[in-house]
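> the following comprises the amino acid sequence and a computationally predicted model.
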There are 2 protein chains.
Amino acid sequence: MISLSDLTRRIDRGELSPEAALAESLGVIEAQEPTIGAFVHRARNPRAAGEGPLRGIAVAIKDIIDTSDLPTEMGSSIYKGWQPRADASVVIMLKRAGATVVGKTTTTAFAALDPTATLNPRNHGHTPGGSSAGSAAAVAAGMVPLALGTQTAGSVIRPASFCGVAAIKPSYRLLPSVGVKCYSWTLDTVGLFAAGVEDLAVALAAMTERPELARYPLTEPLRIGVVTQDFAGSVEAASDAALRIAAAAADKAGAGVRVLELAEVFAEAWDAQAIIQDFEAHRALAWEYQTHHDEIAPKLRAKMDETAGIAPSAHVQALAVANRARAAFDGALADADVILTYSAPGVAPKGLASTGEPRFNRLWTLLGVPCVNVTADIADGGLSVGVQIVARFGEDAKALAAARFLEDALRK
Amino acid sequence: MISLSDLTRRIDRGELSPEAALAESLGVIEAQEPTIGAFVHRARNPRAAGEGPLRGIAVAIKDIIDTSDLPTEMGSSIYKGWQPRADASVVIMLKRAGATVVGKTTTTAFAALDPTATLNPRNHGHTPGGSSAGSAAAVAAGMVPLALGTQTAGSVIRPASFCGVAAIKPSYRLLPSVGVKCYSWTLDTVGLFAAGVEDLAVALAAMTERPELARYPLTEPLRIGVVTQDFAGSVEAASDAALRIAAAAADKAGAGVRVLELAEVFAEAWDAQAIIQDFEAHRALAWEYQTHHDEIAPKLRAKMDETAGIAPSAHVQALAVANRARAAFDGALADADVILTYSAPGVAPKGLASTGEPRFNRLWTLLGVPCVNVTADIADGGLSVGVQIVARFGEDAKALAAARFLEDALRK
């Protein structure tokens, strides 16, 4: 994989030109893309910028995110050839920081359920996960040092876990969703994929012009609360092992690690997430559902047909549960700085029939709190298993610092 | 003005065909539009639907709201001729309910500051207000029984007050903002204009498929808290008179009317609204600002130039104040069902140089609570003065019922 922070350091020191950094990405794309299939559109003549903290950095953009100079097809024939007028806010933020958009990446239709043809770079017989399939795979294959995805249930952290890359789903609306195709306005969150946690921090700080995101000092021993999310169902042995390995490494590196039990309201919130997602999708995709029903990809269409009858009152109640859970979350973390929990129920499923399950991501997306995926173990077949660090709302800098601590601890 | 509820009753009874109802609107548009200038685009062959609770109802859509069959130009040359792919959620909701979109209405550029050429139907020498200028004017001129606008500070309730029409800014996200050009994701709210409060209730219930919105029973005497919003600055005599007239009418009709003082956090929240709006506009309109700076309309451009330096930390603090104020609002209404307050500082300003001030709307938009404008008085020059009824978050049905009670009381 390409390390973004290594590139920016060398570029800042004058050891590497932005053009050469970009050319490295373009070379790997030429070599890997025919096999992996991470892109749906490629920029014609990508050029490195001369300025900005991310000059020379090639970035790939999930194809539900508007780009003014590349089509945005939402993974759906309904948007075949669709060319938006403007860049999404996150795209212009990247460009302003000097990054070069090299292409748009595959996405399940409207970032929902129907898998793309993208292969998992770690094992071509397995899914890279979804919905941000192409973005996770493009980073994992070493094609780009940075990619944008989105998460409504588990579409950033899960593919990151499956592909063995670092990823952050930041606090709700730290990154604007303006110009990003909506599935659920309460949940949709833009996230980043990169080779390592430091890369995420550098990129997020540059995009948002908040240098403090990359500079959080862990002065005291880190207090980690291990959460198993029993309400989310069972995990495979691989994920159980990854969580144990991560907890042991953190403990050995000096963190205070203890099991943390979540109150009942968080189990209720986990249930509420699905209601909010399904109810809002019927409003967000109302034009597509009303006028292009049969053209909607089959898994999503079946899901929408099945959930068409959710009552407005159920949505209101689910939002009320979400608000209660959000209000309770700071208290739940009274004795811990961050949570350590599963990123996914296991390794990437075999084949391309399913993108896997977002069960261990739903709650945190609903709470709107920052989540960072760190690869904790490599299982059979070279498949990666991640764990996630979760912090309080707005504590993205702390989440990144804790994830970097864990990443370092796991390397030892 | 055309009464939507009168039309739907006659259509339901078979006394009026949907085609005839639509034709009435089209006829008034032919007669009035050359003078008023409420529309930027007109549907070519608008046809009445045969089904749906709003069949035969002509609706006008503010031109920052995407339409799949009409351009959406955002009041800016940057979007000249721009044709979106999909309908905004609120547009397809209207179509599904049977309404006929007859055209797109004028808006200040990106729903901000620069006035349109639209005249106030009540007095052509005055502004109709903004930013939803064309939508308010189209209803006031009797051209359509229903129009959509949006409010980020005061862009629905203020033009409604200036044009003498009823309007609702519903609870935040009761109407989705998907497909609506974003200015501030924390604040932007879609609202409705109609001739009277019952019309708003019927239309909102039909769009959202929530019949309960039009059926709230006021069984006990209504308790009204009169709020003067001293933190928002002074009002003209006309607005002061309107508030007194409304309070007296409600009292005479049997409501319990008393002055309600708001705690300090609401004054802080009023200040916070502007910070949130200006900070988010720089992210929401980042592409336009970065790549088309000189093409942005002058008042908005000057405002954005002036506010480019707002620190992320100021935004974070403003959001925290907003959350505190929202949490405190239910308690502030412990002794009242609804609030009665000014809709605007006075009558519509003379000329078209300014759309007036949203000072008395900012707080409620930030709180995300439902607001309904009711015309309370007619001042010199035939200019209207509205007052607004404000209820708790989610109590849109109660806000509408209370506004209808006030409207009835004022007619006596």
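Received, thanks. Numbering: from 1, shown residues only, chains lettered A, B, ... in the order given.

> what about the helices in chain A?
Using DSSP state H, the helices of chain A run over residues A:4-12, A:18-36, A:89-96, A:133-140, A:157-163, A:197-208, A:237-252, A:264-284, A:286-291, A:298-307, A:312-332, A:362-367, A:396-411.

> the fifth one - what's its average pLDDT?
Taken as a whole, helix A:157-163 has a mean pLDDT of 98.

> just stretch A:2-21 next, same as before
For stretch A:2-21, mean pLDDT is 98.

> now the end-to-end length of that stretch.
Length of stretch A:2-21, first residue to last, Cα to Cα, to the nearest Å: 10 Å.

> cool, and stretch A:365-377?
24 Å.

> cool, stretch A:37-44 as well?
Taking Cα to Cα, stretch A:37-44 runs 17 Å from one end to the other.

> list the buried ones in it?
By neighbour count with 16 or more other Cβ atoms under 10 Å in any protein chain shown, stretch A:37-44 contains the buried residues A:Gly37, A:Ala38, A:Phe39, A:Val40, A:His41, A:Arg42, A:Ala43. Backbone N, C-alpha and C define where each C-beta goes, glycine included.

> hmm, who's touching it?
Under the criterion Cβ atoms under 8 Å, 6 or more residues apart in numbering or on different chains, residues A:29, A:32-33, A:60, A:63, A:69-71, A:73, A:75, A:100-106, A:116-119, A:133-135, A:137-138, A:141, A:143 lie in contact with stretch A:37-44.

> which residues of chain A lie near chain B?
A:68, A:78-79, A:82, A:85-89, A:91-93, A:95-96, A:173, A:176-179, A:182, A:185-186, A:208-210, A:280, A:283-284, A:286-288, A:290-291, A:312, A:316, A:394 (Cβ under 8 Å from any Cβ of the partner chain).

> which of those are buried?
Using 16+ other Cβ under 10 Å, the buried members of the residues of chain A next to chain B are A:68, A:78-79, A:82, A:85-89, A:91-93, A:95-96, A:173, A:176-179, A:182, A:185-186, A:208, A:210, A:280, A:283-284, A:286-288, A:394.

> which of the contacts of stretch A:37-44 fall within strands?
Using DSSP state E, the subset of the contacts of stretch A:37-44 located in strands is A:Ala60, A:Thr100, A:Val101, A:Val102, A:Gly103, A:Lys104, A:Thr105.

> determine which two of those are furthest apart.
Within the ones in strands among the contacts of stretch A:37-44, A:Thr100 and A:Thr105 form the most distant pair, 14.7 Å apart (Cβ to Cβ).

> looking at the two, which one has more neighbours?
A:Thr105 (33 against 24; other Cβ atoms under 10 Å in any protein chain shown).

> any idea what that one is bridged to?
As for beta bridges, A:Thr105 partners with A:Phe39, A:Lys62 under DSSP bridges.

> pretty sure A:Asp335 is touching A:Gly256, no?
No: with contact defined as Cβ atoms under 8 Å, A:Asp335 and A:Gly256 do not form a contacting pair (9.1 Å).

> more crowded one of these two?
Between A:Asp335 and A:Gly256, A:Gly256 has the larger neighbour count (other Cβ under 10 Å), namely 15 against 10.

> how near is the most centrally placed residue in chain A to chain B?
Geometric centre of chain A, nearest residue: A:Val156, 2.1 Å, by Cα atoms, centre = their mean. Counting by Cβ to the nearest Cβ, to the nearest Å, the gap from A:Val156 to chain B is 19 Å.

> likewise for A:Ser76?
In terms of Cβ to the nearest Cβ, A:Ser76 sits 11 Å off from chain B.

> need the contact list for the residue nearest to that residue when sequence neighbours are not counted.
In this structure, A:Ser76 finds its nearest non-sequential neighbour in A:Ala109, 4.5 Å apart by Cβ to Cβ, 6 or more residues apart in numbering or on different chains. Applying Cβ under 8 Å, 6+ apart to A:Ala109 gives the contacts A:Met74, A:Gly75, A:Ser76, A:Ile296, A:Ala297, A:Leu300.

> now, among these, which is nearest to B:Ala201?
A:Ile296 (33.0 Å).

> give the contact list for the closest one.
A:Ile296 is in contact with A:Ser76, A:Ile78, A:Ala109, A:Phe110, A:Leu285, A:Glu288, A:Tyr289, A:Met304, counting by Cβ under 8 Å, 6+ apart.

> again with A:Pro46
So A:Pro46 contacts A:Leu22, A:Leu26, A:Ala58, A:Thr100, A:Val101, A:Val102 (Cβ under 8 Å, 6+ apart).

> ok, now A:Ser384?
A:Arg122, A:Ser161, A:Phe162, A:Cys163, A:Gly164, A:Val347, A:Thr375, A:Asp377, A:Ile378.

> measure the nearest residue to it once chain neighbours are set aside to A:Ser5 for me?
Excluding the flanking residues, the one nearest A:Ser384 by Cβ to Cβ, 6+ apart is A:Gly164, at 3.0 Å. Between A:Gly164 and A:Ser5 the computed distance is 18 Å (Cβ to Cβ, to the nearest Å).

> do A:Gly98 as well
Distance from A:Gly98 to A:Ser5, counting by Cβ to Cβ: 15 Å.

> same thing with A:Thr100?
17 Å.

> surely A:Ala195 touches A:Pro145?
Yes: under the criterion of Cβ under 8 Å, A:Ala195 makes contact with A:Pro145 at 6.4 Å.

> quick one: common contacting residues for those two?
Taking Cβ under 8 Å, 6+ apart as the contact rule, A:Ala195 and A:Pro145 both touch A:Met1, A:Ile2, A:Ser3, A:Leu4, A:Val139.

> so what's the third one up against?
A:Ser3 makes contacts with A:Pro145, A:Ala195, A:Gly196, A:Asp199, as judged by Cβ under 8 Å, 6+ apart.

> for the residue in the stretch 301-412 of chain A positioned nearest to chain B, which non-adjacent residue is spatially closest?
Closest residue of the stretch 301-412 of chain A to chain B, Cβ to the nearest Cβ: A:Pro312 (5.2 Å). Leaving out its chain neighbours, the residue that sits closest to A:Pro312 by Cβ to Cβ, 6+ apart is B:Arg210, at 5.2 Å.

> ok, now A:Asp330?
The shortest distance from A:Asp330 to any non-neighbouring residue, by Cβ to Cβ, 6+ apart, is to A:Arg392 (5.6 Å).
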